[in-house]
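Chemist: compute the structure for the input listed below.
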Amino acid sequence: QDDDEDERIFYSGLLGYKSDYVTLAYQFVGQQFEAAGSTESASGMGHGAYLRVDTPWTVGLLGRYVMWDADTSSDVARAKQQIVAGLSYTPISLLSVALSGTYTSWSELATDPMEEEIRVLVSTLLKF
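Modeler: Numbers count the residues shown, from 1 in each chain. I've put the predicted structure just below:
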C-alpha cells in the first residue's frame, strides 16, 4: 500500500455449538493498525461469548459478553466491554421477537476515563 494510506488488518474466528435448545459460541477478533506515514502500530484483541437457550414453550433467554482488549502501550488504544441479556419469544417458526438490556462501557483513548451507557432494545427476526 501507499505510505499515505492507513493500513488495517482485521481477522476473526468463531467456534460454536447448536442443539435444539442451546446455542453457545466464542468469537475471537484481532486487529493490527498502522496510521499513514507512521512506523508505530497499534494492535488489539477482542473476545465474545454468546449464549441462547430456547424452550419448547416458545420463550428463550439470550446473552452476550464482548470485550475489546486494547493495546495499552499506545495512546490511540480503545477499550470496550458490552453485556447483553434478554428474553426472546417465538410465536411461529418464521418470527422471533426479543427484549434485551445492554450495558456498554468504552473509552476512545487509553488515557480517557471509561464512559458508560445502558439501553433497552426490542429486536425482531424474520426467517425465510
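
Chemist: for residue 15, pull up the helix or strand it's in.
Modeler: In the assignment (DSSP states H and E), residue 15 maps to strand 7-18.

Chemist: now do that strand: everything it contacts.
Modeler: Identification of contacts with strand 7-18 by CB atoms under 8 Å, 6 or more residues apart in numbering yields 1, 23-34, 36, 50. For the C-beta atoms, the positions are set from N, CA and C on the backbone; glycine is no exception.

Chemist: that strand - what's its average pLDDT?
Modeler: What strand 7-18 shows for mean pLDDT is 91.

Chemist: sheet-wise, list the partners of that strand with their directions.
Modeler: Strand pairing for strand 7-18, using DSSP bridges, gives strand 22-34 (antiparallel).

Chemist: tell me the buried residues in the partner strand?
Modeler: Neighbour counts over strand 22-34 (16 or more other CB atoms under 10 Å) mark 23, 27, 29, 31, 33-34 as buried.

Chemist: what's the closest of the residues you listed to residue 91?
Modeler: Using CB to CB, residue 23 comes nearest to residue 91 of the buried residues of strand 22-34, at 19.2 Å.
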